[in-house]
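In: when you get a sec, could you give me coordinates for this:
(2 chains)
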Amino acid sequence: MSDNPIAVEQHGPELLHHFADAEQQRDAATLGMWLFLATEIMFFGGMFCAYLIYRFWYYDEFAAGSRSLDITLGTINTAILICSSLTVALGVRAAQMGKRKLLVVLLLLTIVFGFAFLGIKGVEWYAKYKEHHIPGNSFNVDDLVRDYPQLHIDPRHEQIYFSLYFAMTGLHALHMIIGVGLFVFLTYYAWKGRYTPKYYTPVEMGGLYWHFVDIVWIYLFPLLYLIDQHRLG
Amino acid sequence: MSEHIMSNKFYYAIWIALLCLTGITVAASFIDLGPFNAVVALVIATVKALLVVLFFMHVKYTSEKLTKIVIVSAIFWLFLLLALSMADYATRLWT
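Out: Presented below is the predicted three-dimensional model:
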C-alpha cells in the first residue's frame, strides 16, 4: 500500500500524509517518545549520580536522614503508583479496543491516583517542614543527633541529604503534576471520542510518560527510604 | 509495532507481581543484611522496572528495533555516568 501514490488519498484524517501507513506513524511516535524518555533518564540520572557520590561520602548523615522518613507513607505511595500504572496499561488496552467509556473511567482513575500520591507526598513534606528538616535558615537536625547517637552527624552534610531528598522527590512530583495535566487533556479528548482503535497514539504516549515516572519512583523509594536502615546501628 | 492486545488477566498478573515485590523490598529493609540491603533493594527495583518497561510499556512486543536501541543506549549512558563518576570518587582515598 505504501508504494502506491494513489493510496495517499485513501487514508483517514488520523493518518498524516507524510507517513506510509498508521503503523509507521505509530512507530515514529513511539521512537520519538523513547528518545524524550532517554533525555529524562539523563535528567534524573544527574541527581541519582549526586545522590550516589554524597551517600558514599556522608554515609552517616544519609542513614540518619533516611531513617527520619516515613516508610509506611512511602510504601503506600509506591502501591498507589503501581495501581496507577495498571489503570494506564488497562486504559491503553481500552483505547486499542475502542471502549470509550472504559477508557475515560480508567484515565480518571489514574488522575485520582496521581492526586492521592501528590497529597501523601505533601503530608510527608509538611512533616519535614514541622521538623525543621527543610534546608535553609531554620534547618535543624538536633532531633536526629539525639535519636541516632551512634551516627556521626554533621548538620551541613545532613543538609545535603535533605537537599537531595527535596530535589529528587520535588522533580518527581513536578513530573507527576505534568502527568496529571496530560491525563486531564487525554480524558477530555477521550470523552469527545477522538481516540479509536485506528488512532490512540496520544493515549499510548501519555501512558509511556506515566510509566516512566512510576519507574523513577521505583528507584527513589528504596534509595531514599529503605537501604540505610541498619548499618552502623 | 504490530498491535498486540494483551488480556486483562495478564495486566493484573503484572500488577500483583509489582505489589508483591514492593512488599518484599520493604520487608527486606527490616532485616539487617549489612551492605547487601542496598544490593537486594536495587535488584528488586530493577526487576520491577523491567516488568513495567517490558509489559506495561509494551517494549517486549515492539518489532521496532530502533526503539530498543534507544532504550539500551539510554541505560548504557546512565551506566557510564554512574560508573565513571564513582570510579573517580570511590578511589580518591586510595594510596
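
In: give me the low-pLDDT residue ranges for the chain?
Out: Using chain A. A:1-11, A:231-233 (pLDDT under 70).

In: you looked at the wrong chain, it should be chain B
Out: B:1-3.

In: 80 instead, please
Out: Filtered on pLDDT under 80, chain B yields the residue ranges B:1-4, B:63, B:95.

In: the domain parsing of it - what is it?
Out: Following the assignment in automatic domain parsing, chain B carries domains at B:1-62, B:64-95.

In: now the helices for the chain?
Out: Since no chain was named, I'll use chain A. Under the criterion DSSP state H, helices of chain A are mapped to A:22-57, A:59-67, A:71-96, A:100-130, A:142-147, A:155-191, A:201-221.

In: let me rephrase: I mean chain B.
Out: Secondary structure of chain B (DSSP H): helices located at B:8-29, B:36-51, B:65-89.

In: redo these as JSON lines? Include distance to chain A and mean neighbour count.
Out: In short, each C-beta sits where N, CA and C put it, glycine included. Putting these into JSON lines (distance: least, C-beta to the nearest C-beta, whole Å; neighbours: other C-beta atoms under 10 Å in any protein chain shown) gives the following:
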{"stretch": "helix B:8-29", "distance to chain A": "4", "mean neighbour count": "16"}
{"stretch": "helix B:36-51", "distance to chain A": "4", "mean neighbour count": "18"}
{"stretch": "helix B:65-89", "distance to chain A": "4", "mean neighbour count": "14"}
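
In: and the closest residue to A:Asp60 other than its chain neighbours, how many neighbours?
Out: Spatial nearest neighbour of A:Asp60, excluding adjacent residues (C-beta to C-beta, 6 or more residues apart in numbering or on different chains): A:Leu151 at 4.2 Å. A:Leu151 has 21 neighbouring residues, counting by other C-beta atoms under 10 Å in any protein chain shown.

In: A:Asn140 touches A:His132, doesn't it?
Out: Yes. Between A:Asn140 and A:His132 a contact is recorded at 4.1 Å, counting by C-beta atoms under 8 Å.

In: just put the helices of chain A in JSON lines and tack on mean neighbour count and distance to B:His58.
Out: Formatted as JSON lines, these follow (neighbours: other C-beta atoms under 10 Å in any protein chain shown; distance: least, C-beta to C-beta, whole Å):
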{"stretch": "helix A:22-57", "mean neighbour count": "17", "distance to B:His58": "9"}
{"stretch": "helix A:59-67", "mean neighbour count": "22", "distance to B:His58": "34"}
{"stretch": "helix A:71-96", "mean neighbour count": "22", "distance to B:His58": "8"}
{"stretch": "helix A:100-130", "mean neighbour count": "17", "distance to B:His58": "16"}
{"stretch": "helix A:142-147", "mean neighbour count": "14", "distance to B:His58": "44"}
{"stretch": "helix A:155-191", "mean neighbour count": "18", "distance to B:His58": "17"}
{"stretch": "helix A:201-221", "mean neighbour count": "23", "distance to B:His58": "8"}
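
In: B:Leu66: which of those is closest?
Out: helix A:22-57 (5.4 Å; C-beta to C-beta).

In: what packs against the closest one?
Out: helix A:155-191, helix A:201-221, helix B:65-89 (3 or more C-beta pairs under 8 Å, 6 or more residues apart in numbering or on different chains; DSSP states H and E).

In: as a markdown table, the ones you listed with distance to A:His18 would be great.
Out: As requested, the helices and strands packed on helix A:22-57 are exported to a markdown table (distance: least, C-beta to C-beta, whole Å):
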| stretch | distance to A:His18 |
| --- | --- |
| helix A:155-191 | 22 |
| helix A:201-221 | 15 |
| helix B:65-89 | 18 |
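
In: thinking again about what came up before, TSV for the domains of chain B, including distance to A:Phe185?
Out: Formatted as TSV, the domains of chain B follow (distance: least, C-beta to C-beta, whole Å):
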stretch	distance to A:Phe185
domain B:1-62	20
domain B:64-95	24
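
In: burial count for A:His152?
Out: 14.

In: that one against A:Tyr58, yeah?
Out: No. With contact defined as C-beta under 8 Å, A:His152 does not reach A:Tyr58; the gap is 9.4 Å.

In: contacts only, for the closest residue to A:Gly12 other than its chain neighbours.
Out: Distances taken as C-beta to C-beta, 6+ apart place A:Lys198 nearest to A:Gly12, at 6.7 Å, with adjacent residues excluded. Each residue near A:Lys198 by C-beta atoms under 8 Å, 6 or more residues apart in numbering or on different chains is listed here: A:12, A:14, A:22.

In: show me which of those residues is closest to A:Gly136.
Out: A:Glu14 (50.8 Å).

In: tell me the contacts of that closest one?
Out: A:22, A:196, A:198-199.

In: please redo it, this time with the cut-off set to 6 Å
Out: With contact set as C-beta atoms under 6 Å, 6 or more residues apart in numbering or on different chains, A:Glu14 has these partners: A:198-199.
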